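In: Provided below for reference: sequence and predicted model.
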2 protein chains.
Amino acid sequence: MFLDFYFMKIALKEAFIAFHKNEIPIGAVITYQNMVIAKAHNLTETLCNITAHAEILVLNLASNYFKKKYIKKCTLYVTLEPCVMCAGALFWSQIGRVVCGASNSSKRGFLYSGIKLHPQTEFVSGIMKNQCKNLIQEFFFYKRIYKKKRKFI
Amino acid sequence: MFLDFYFMKIALKEAFIAFHKNEIPIGAVITYQNMVIAKAHNLTETLCNITAHAEILVLNLASNYFKKKYIKKCTLYVTLEPCVMCAGALFWSQIGRVVCGASNSSKRGFLYSGIKLHPQTEFVSGIMKNQCKNLIQEFFFYKRIYKKKRKFI
């Protein structure tokens, strides 16, 4: 449990980096034997690429690290519940454990869509959920203010 | 309808290239104003990467071509019904039209999983379905023979 908080904090730091790049602040980390082997944050706007979600980027890094398709003994820490695309990717990767922070209140979260992870994948949710959620809410709050300001200029 | 067959043939050629690389033979093409702007085939084994499905690779190429996240006026031709991950990616891309060949008989097809594409996306299925299906069946037939042969060596 202590380790889960520790690694989620690192994922949250990644989310902060995304925030400062004007990206929806989502961060992800993959660990193996309690060591961080990959970390990434959402880069969809920067790369003009809808597949550049934090989870997909971090999965690519981890596959590259092991030169293997399957990362069964790894754990993913991600600040927001994965979307359908990312849950599909996590299924194929056969990852051992997925720990997520805030749950996804939109209809694109994988739990809402009824998607299942791999039968061998353990799923934990709610680690540092308030911090993860607040960061995303703050991002959209500033987005709205910026939009309103632009109307008056 | 004629154009659908024409572009599906190009996707099928991509699938043949995958076949000769010992990859599950799935190919994909994206068109814009009846011109091919991107084509790709499955490279999961070659790249040791579970996200390297033909659809994901071709979406990346198309995003790169337009330097845009959304490709609303494009059509995707793919030889097999997309999986959950790829359907999730297609949703985010807001692609205008998806044409697929064979339907996915495994439980990982997006239709079986109840995933919906973007409301603006038109979906057509069954174009050259026999050719697309036969290629995949042939691939797994040879895979099985090779496995059996290895047992006797």
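Out: The structure has been received and is ready for your questions. Residues are numbered from 1 along each chain as shown, chains lettered A, B, ... in the order given.

In: would you list every one of the strands in chain A?
Out: Per DSSP state E, chain A carries strands over the ranges A:27-32, A:35-41, A:74-80, A:97-102, A:122-125.

In: for the second one, packing partners?
Out: Other elements packing on strand A:35-41 under the criterion 3 or more CB pairs under 8 Å, 6 or more residues apart in numbering or on different chains; DSSP states H and E are helix A:2-20, strand A:27-32, helix A:54-66. In short, each C-beta sits where N, CA and C put it, glycine included.

In: So which of the ones you listed is the most surrounded?
Out: Mean neighbours per residue, mean count of other CB atoms under 10 Å in any protein chain shown, is largest over the helices and strands packed on strand A:35-41 for strand A:27-32, with a mean of 25.

In: partner strands of that strand, parallel or antiparallel?
Out: strand A:35-41 (antiparallel), strand A:74-80 (antiparallel) (DSSP bridges).

In: And the contacts of that strand?
Out: Identification of contacts with strand A:27-32 by CB atoms under 8 Å, 6 or more residues apart in numbering or on different chains yields A:7-8, A:10-18, A:36-42, A:54-55, A:57-59, A:61-62, A:71, A:73-79, A:95.

In: how far out from the middle of the chain is that strand?
Out: Strand A:27-32 sits 9 Å away from the centroid of its parent chain (CA atoms, centre = their mean, to the nearest Å).

In: Please tabulate the strands paired with strand A:27-32 in TSV, including the columns mean pLDDT and mean neighbour count.
Out: Converted to TSV, those look like this (pLDDT from 0 to 100; neighbours: other CB atoms under 10 Å in any protein chain shown):
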stretch	mean pLDDT	mean neighbour count
strand A:35-41	97	20
strand A:74-80	97	28
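
In: that older thread, let me have the helices and strands packed on strand A:35-41 in JSON lines, extended by mean pLDDT.
Out: Below are those laid out as JSON lines (pLDDT from 0 to 100):
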{"stretch": "helix A:2-20", "mean pLDDT": "95"}
{"stretch": "strand A:27-32", "mean pLDDT": "98"}
{"stretch": "helix A:54-66", "mean pLDDT": "96"}
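
In: For residue A:105, which of these is the nearest?
Out: Across the helices and strands packed on strand A:35-41, residue A:105 has its closest neighbour in helix A:2-20 (16.5 Å, CB to CB).

In: ok, is that closest one in contact with chain B or not?
Out: No - using CB under 8 Å from any CB of the partner chain, helix A:2-20 never reaches chain B; the gap is at least 15.4 Å.

In: Pull the residues that contact that helix.
Out: Applying CB under 8 Å, 6+ apart, the contact partners of helix A:2-20 are A:24-29, A:31, A:34, A:36, A:39-43, A:54, A:75, A:77-79, A:99, A:101, A:124, A:127-128, A:131-132, A:135, A:138-139.

In: Kindly recompute the last result at 6 Å.
Out: By CB atoms under 6 Å, 6 or more residues apart in numbering or on different chains, the residues outside helix A:2-20 that reach it are A:25-29, A:31, A:39, A:41-42, A:77, A:79, A:99, A:101, A:127-128, A:135, A:139.

In: ok, the nearest residue to residue A:44 once chain neighbours are set aside to residue B:59 distance?
Out: Once flanking residues are discounted, residue A:44 sits nearest to residue A:52: 4.9 Å by CB to CB, 6 or more residues apart in numbering or on different chains. Going from residue A:52 to residue B:59 by CB to CB, to the nearest Å gives 11 Å.

In: so what's the backbone phi/psi at the residue nearest to residue A:21 when sequence neighbours are not counted?
Out: Nearest residue to residue A:21, sequence neighbours excluded (CB to CB, 6+ apart): residue A:46, at 6.0 Å. Backbone geometry at residue A:46, expressed as degrees, to the nearest 10, gives phi -60, psi -40.
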